[in-house]
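K.L.:
the sequence and its predicted three-dimensional model are supplied below.
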Amino acid sequence: DTFGFPLDLTREIVAEHAIEINEEEFKRFMDEQRERARAARAALGDMGWEGDVVSTLPGKTEFVGYEQMECDATITGIVVDNQLVDAVSEGEKAIIVLDRTPFYAESGGQCGDMGVIISGKCMFKVLDCKKSANGHFMHIGEMVSGMMSVDETVRACIAVHRRRAVMRNHTACHLLQQALREVLGNHVHQAGSMVDNEICRFDFSHFSAMTPKELDRVEYLVNDMILSALDVNVSTMSLDEAKEMGAMALFGEKYGDVVRVCNAGGRSIELCGGTHVDNTSKIGLFKILKESSVAAGVRRIEAVTGRGVLRLIDDTNAMLSDVATTLKVGSHGEIPAKVSTVVSELKAKDKEIERLNQKIADLQVDGLFDNAQEVGPVRVIYAVFTGTKPDALRAMADKIKSNAPRMVAILGTIQDGKATLAAACGPEAVANGVHAGKLMKEVTALVGGSGGGKPDTAMGGASEIFKLDEAFVQIPSIIEKMIQKK
């Protein structure tokens with residue numbers, strides 16, 4: 001069962017194709033299949049042309065995948081390079097149409113099956129399965145070895161482990177909708193879904209983001225239904241009978257006179273054409289990953305089940321181990337206390353850095369005062385520093401306002417190719433008509449930036465730092481004009 005196929009078939013494939021089975025190889029194999037499936041879906045686009053090509057084929061494909069994971073079948077059509085052909089050879093990408101198949105075709109939010117079609121030593125690897133408008137199941141993939149021809153009898157086998165994971169996620173989607181209605185209200189209806197072997201994604205109508213408490217409650221209810229081991233019965237009946245049972249349908253979806261109803265212990269009853277586990281206990285566990293907005297009035301929940309939950313636990317434990325190693329603690333349980341200690345230490349260091357920045361600012365400002373330029377009744381200083389943080393600029397500006405009533409200053413710092421500017425005016429400078437906000441606005445306009453502020457304090461930014469020296473030279477004349485307008 002390692003490859004997801006029945007054990008006897010796995011032995012046959014191993015013997016005929018020399019496939020070495022081990023955990024590492026299997027992981028690489030599945031990663032490759034997922035990537036190829038994504039590439040195939042992207043390349044095939046909206047599938048309109050496939051439908052046109054296979055529309056001339058007689059009959060429809062009989063789907064036996066509800067009960068069978070493999071079956072004998074006859075090839076009724078082969079498409080290569082958008083053309084119906086008689087055969088497909090090794091290395092060619094193709095679409096194979098069968099008269100009957102266990103492969104589920106992508107529909108109703110459930111992904112298509114993957115697997116193999118074999119005949120003797122010949123193998124066609126199925127990366128995806130879709131259904132044409134006239135009922136032909138199109139097995140999309142690549143001829144791995146040998147050759148296959150139209151009218152040939154083959155064995156179609158789905159990847160069982162992958163299908164089971166998809167079934168777990170699909171049934172969990174039904175339980176999720178029921179839990180959401182119980183927690184949020186009966187206004188909740190499905191607005192879309194996507195289930196594959198890795199994720200259960202469910203879109204639903206709701207008017208606001210869910211609270212952590214609501215998410216916890218929904219997750220608890222789904223797991224409670226799983227652990228209650230509810231039998232899941234899937235049956236066909238008339239649409240009227242399904243409505244009488246209270247079966248939920250997808251809003252806006254058109255249904256025929258005969259429908260499939262998925263009933264999970266009477267707790268969740270929905271119309272559905274997908275594949276499901278026969279008992280909720282087979283889902284294993286359910287864990288919500290995130291809840292987000294899709295559109296106005298539509299929310300989305302993404303979750304994992306079964307082995308997906310185990311992988312999530314393993315990943316979380318690995319992350320916690322890395323954190324424990326970085327923090328130099330012996331166990332995961334020691335992490336919260338250590339983090340609290342580190343946060344306290346960082347806050348203390350931030351305060352010390354702030355104190356040192358203020359001291360540096362004081363020293364730098366004292367040096368600037370010695371070179372102040374007289375402009376009428378005020379004194380003007382300007383300078384640009386490299387590597388000084390914006391907070392230090394603000395501290396310097398505050399010192400200037402407090403200690404030099406006649407002073408006007410514009411200070412700048414350059415970091416990551418951009419400049420941050422701070423302007424300060426003492427109370428006497430403001431009284432003489434100098435406005436820090438207006439001054440900043442004029443200066444930043446000269447250097448490809450913007451800024452503004454109050455009469456005594458202003459901030460701004462500049463992108464054309466190579467123009468700073470030229471702009472600063474004009475500061476005295478700008479201030480002189482302000483004084484003259486008073």
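P.N.:
In hand now; what should we look at? Numbering: from 1, shown residues only.

K.L.:
what's the distance between Gln110 and Asp196?
P.N.:
8 Å (Cβ to Cβ, to the nearest Å). C-beta here means a position set from N, CA and C on the backbone, and glycine is covered the same way.

K.L.:
show me the common contact partners of those two, please.
P.N.:
Counting by Cβ atoms under 8 Å, 6 or more residues apart in numbering, the residues touching both Gln110 and Asp196 are Val166.

K.L.:
those two: which is more packed in?
P.N.:
For the pair Gln110 and Asp196, the greater number of neighbours falls to Gln110 (23 against 20), based on other Cβ atoms under 10 Å.

K.L.:
can you pull the contacts of Arg181?
P.N.:
Val188.

K.L.:
now for this protein, the helix or strand with the poorest mean pLDDT.
P.N.:
Lowest on mean pLDDT, DSSP states H and E among the helices and strands of the chain sits helix 7-17, with a mean of 46.

K.L.:
pLDDT on the longest helix seen in the chain, on average?
P.N.:
Scanning the chain for the longest helix, with DSSP state H as the assignment, gives helix 335-369. Averaged across helix 335-369, pLDDT comes to 84.

K.L.:
and the helix or strand following that helix, average pLDDT?
P.N.:
Using DSSP states H and E, the helix or strand that directly follows helix 335-369 along the chain is strand 373-375. Strand 373-375 shows a mean pLDDT of 90.

K.L.:
what is strand 373-375 packed up against?
P.N.:
With contacts taken as 3 or more Cβ pairs under 8 Å, 6 or more residues apart in numbering; DSSP states H and E, strand 373-375 sits against strand 378-386, helix 475-485.

K.L.:
direction included, what does it pair against?
P.N.:
When sheet partners are counted by DSSP bridges, strand 373-375 sits next to strand 378-386 (antiparallel).

K.L.:
buried ones in the strand it pairs with?
P.N.:
By 16 or more other Cβ atoms under 10 Å, the buried positions in strand 378-386 come out as 378-385.

K.L.:
try stretch 101-115
P.N.:
Within stretch 101-115, the residues scored as buried using 16+ other Cβ under 10 Å are 101-106, 109-115.

K.L.:
can you tell me which of those residues is closest to Gly460?
P.N.:
Ranked by distance to Gly460 (Cβ to Cβ), the buried residues of stretch 101-115 are led by Gly109 at 52.2 Å.

K.L.:
which of the buried residues of stretch 101-115 has the weakest pLDDT?
P.N.:
On pLDDT alone, Gly109 ranks lowest of the buried residues of stretch 101-115, at 91.

K.L.:
for that one, give me its contacts.
P.N.:
Taking Cβ under 8 Å, 6+ apart as the contact definition, Gly109 lies against 173, 192-195, 274.

K.L.:
count the neighbours of Ala274 for me.
P.N.:
Just so we're on the same page, residue 274 is Gly rather than Ala. Using other Cβ under 10 Å, Gly274 is surrounded by 23 other residues.

K.L.:
for it, which non-adjacent residue is spatially closest?
P.N.:
Sequence neighbours aside, Gln110 is the residue nearest to Gly274 in space, at 4.3 Å (criterion: Cβ to Cβ, 6 or more residues apart in numbering).

K.L.:
wait, that neighbour sits on Cys262?
P.N.:
No - under the criterion of Cβ atoms under 8 Å, Gln110 makes no contact with Cys262, lying 11.9 Å away.

K.L.:
what do these two both touch?
P.N.:
Residues touching both Gln110 and Cys262 (Cβ under 8 Å, 6+ apart): Gly274.

K.L.:
show me the contact partners of stretch 442-454.
P.N.:
410, 419, 421, 423, 436-438, 440-441, 458-465, 467-468, 470-472, 474-475, 478.

K.L.:
roughly how far out does it sit from the chain middle?
P.N.:
Stretch 442-454 sits 39 Å away from the centroid of its parent chain (Cα atoms, centre = their mean, to the nearest Å).

K.L.:
can I get it in PDB, CA atoms only?
P.N.:
C-alpha atoms of stretch 442-454 as PDB (Å, rounded to 0.1, in the frame of the first residue of the first chain):
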ATOM      1  CA  GLU A 442       9.800  74.300   1.000                       C
ATOM      2  CA  VAL A 443      13.000  72.500   1.700                       C
ATOM      3  CA  THR A 444      11.600  69.000   1.000                       C
ATOM      4  CA  ALA A 445      10.100  70.200  -2.300                       C
ATOM      5  CA  LEU A 446      13.700  70.900  -3.400                       C
ATOM      6  CA  VAL A 447      14.800  67.400  -2.800                       C
ATOM      7  CA  GLY A 448      12.000  65.300  -4.200                       C
ATOM      8  CA  GLY A 449      10.200  64.800  -0.900                       C
ATOM      9  CA  SER A 450       7.400  66.100   1.200                       C
ATOM     10  CA  GLY A 451       6.900  67.300   4.800                       C
ATOM     11  CA  GLY A 452       5.200  69.700   7.200                       C
ATOM     12  CA  GLY A 453       4.200  70.300  10.700                       C
ATOM     13  CA  LYS A 454       3.600  72.800  13.500                       C
END
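
K.L.:
would you check how far apart the residue nearest to Leu184 when sequence neighbours are not counted and Ile269 are?
P.N.:
Once flanking residues are discounted, Leu184 sits nearest to His206: 5.9 Å by Cβ to Cβ, 6+ apart. Counting by Cβ to Cβ, the gap from His206 to Ile269 is 21 Å.

K.L.:
swap in Asn263?
P.N.:
5 Å.

K.L.:
what touches both of those two?
P.N.:
Among the neighbours of Asn263, those also in contact with Ile269 (Cβ under 8 Å, 6+ apart) are 245, 247.

K.L.:
partners of Ala94 in the sheet?
P.N.:
Under DSSP bridges, the beta-bridge partners of Ala94 are Gly141.

K.L.:
please disregard the earlier target; I meant Arg100.
P.N.:
Assigned bridge partners for Arg100, using DSSP bridges, are Glu62.

K.L.:
who's in contact with it?
P.N.:
Residues in contact with Arg100, defined by Cβ under 8 Å, 6+ apart, are 61-64, 71, 73-74, 156.

K.L.:
name the residues of stretch 239-249 that are buried.
P.N.:
Across stretch 239-249, burial judged by 16+ other Cβ under 10 Å covers 239, 242, 247-249.

K.L.:
likewise stretch 414-423?
P.N.:
With burial defined by 16+ other Cβ under 10 Å, the residues of stretch 414-423 counted as buried are 414, 419-423.
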